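here you go, sequence then predicted model.
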Amino acid sequence: MAFTLTSPVTGQPQTGFTSPTYTLAADTPPAVNAKQYVITALGGTQTGASASSVSSPFTVSMFKPAVFASAGQLDGNNVLRGVGYNDYAIIVRKGMVPLAGQPPMLATFTLKMHIPGGADTVSSGNEIRAALSLLFGAAVQASAGIGDTLVSGVL
């Protein structure tokens with residue numbers, strides 16, 4: 001199944017948030033190699049947070065490579081040279097006010113996946129799935145701690 005979000009998305013734990021949810025609607029992506037959703041409403045307790053607006057957007061997008069890279073060619077010594085990479089990204093854009101009385105500025109949270117061409121077929125994608133499993137498992141486990149670090153600067 002391709003990247004598809006079902007509304008509402010249940011948020012992960014964050015300090016001060018209780019049962020956060022995000023109502024989504026399909027949106028026009030910024031590029032033809034992307035899919036995007038806009039957050040139209042928030043649920044649960046998220047004091048101070050807001051849904052998307054023109055001046056303060058709140059979106060989640062996924063990008064795939066515009067052109068896919070392959071494994072490359074072996075040179076005269078049977079060494080693989082010039083391997084291309086396929087870059088995927090999930091980007092959350094959120095407008096936030098940096099100083100009281102000032103207009104919102106855009107913050108971006110980017111998850112980039114940089115995968116050697118050919119890795120998707122040689123190991124049936126299981127190496128990719130294992131890396132993602134760990135990445136998302138760690139992010140869910142440490143969700144509130146990551147949020148606390150971004151707010152406090154303490155790692």
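Arrived safely. Residues are numbered from 1 along each chain as shown.

for residue 112, the count of nearby residues, please.
Residue 112 is flanked by 10 other residues according to other CB atoms under 10 Å. Any C-beta I mention is one placed from the backbone N, CA and C, and that applies to glycine too.

low pLDDT regions in the chain?
For the chain, the stretches with pLDDT under 70 are 1.

do a quick rundown of the helices in it.
For the chain, the helices defined by DSSP state H cover 119-122, 126-141, 143-152.

and for this protein, the residue most distant from the center?
residue 76 (40.1 Å; CA atoms, centre = their mean).

shouldn't residue 34 be in contact with residue 63?
Yes: the pair residue 34 / residue 63 is scored as a contact, 4.6 Å apart, by CB atoms under 8 Å.

which of the two has more neighbours?
Shown here are residue 34 and residue 63; by other CB under 10 Å, residue 63 has more neighbours (21 against 16).

now do the contacts for that one.
For residue 63, the contact set (CB atoms under 8 Å, 6 or more residues apart in numbering) comprises 31, 33, 34, 87, 88, 89, 90, 91.

of all those residues, which comes closest to residue 14?
residue 90 (18.0 Å; CB to CB).

what residue is smack in the middle of this structure?
Nearest to the geometric centre of the chain sits residue 90, at 2.8 Å (CA atoms, centre = their mean).

do you know how far the residue farthest from the centre of the chain is from residue 40?
58 Å (CB to CB, to the nearest Å).

list the buried ones in stretch 132-152?
If you call a residue buried by 16 or more other CB atoms under 10 Å, then stretch 132-152 has these buried ones: 143, 147, 148.

now those in JSON lines, with distance to residue 51?
Below are the buried residues of stretch 132-152 laid out as JSON lines (distance: CB to CB, whole Å):
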{"residue": "143", "distance to residue 51": "20"}
{"residue": "147", "distance to residue 51": "19"}
{"residue": "148", "distance to residue 51": "23"}
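
contact partners for the nearest residue to residue 98 once chain neighbours are set aside?
In space, and not counting its chain neighbours, residue 98 is closest to residue 105: 5.5 Å by CB to CB, 6 or more residues apart in numbering. Contacts for residue 105 were tallied using CB under 8 Å, 6+ apart; they are 95, 96, 97, 98.

quick one: which of those has the most company?
Greatest neighbour count in the contacts of residue 105, by other CB under 10 Å, goes to residue 95: 18 neighbours.
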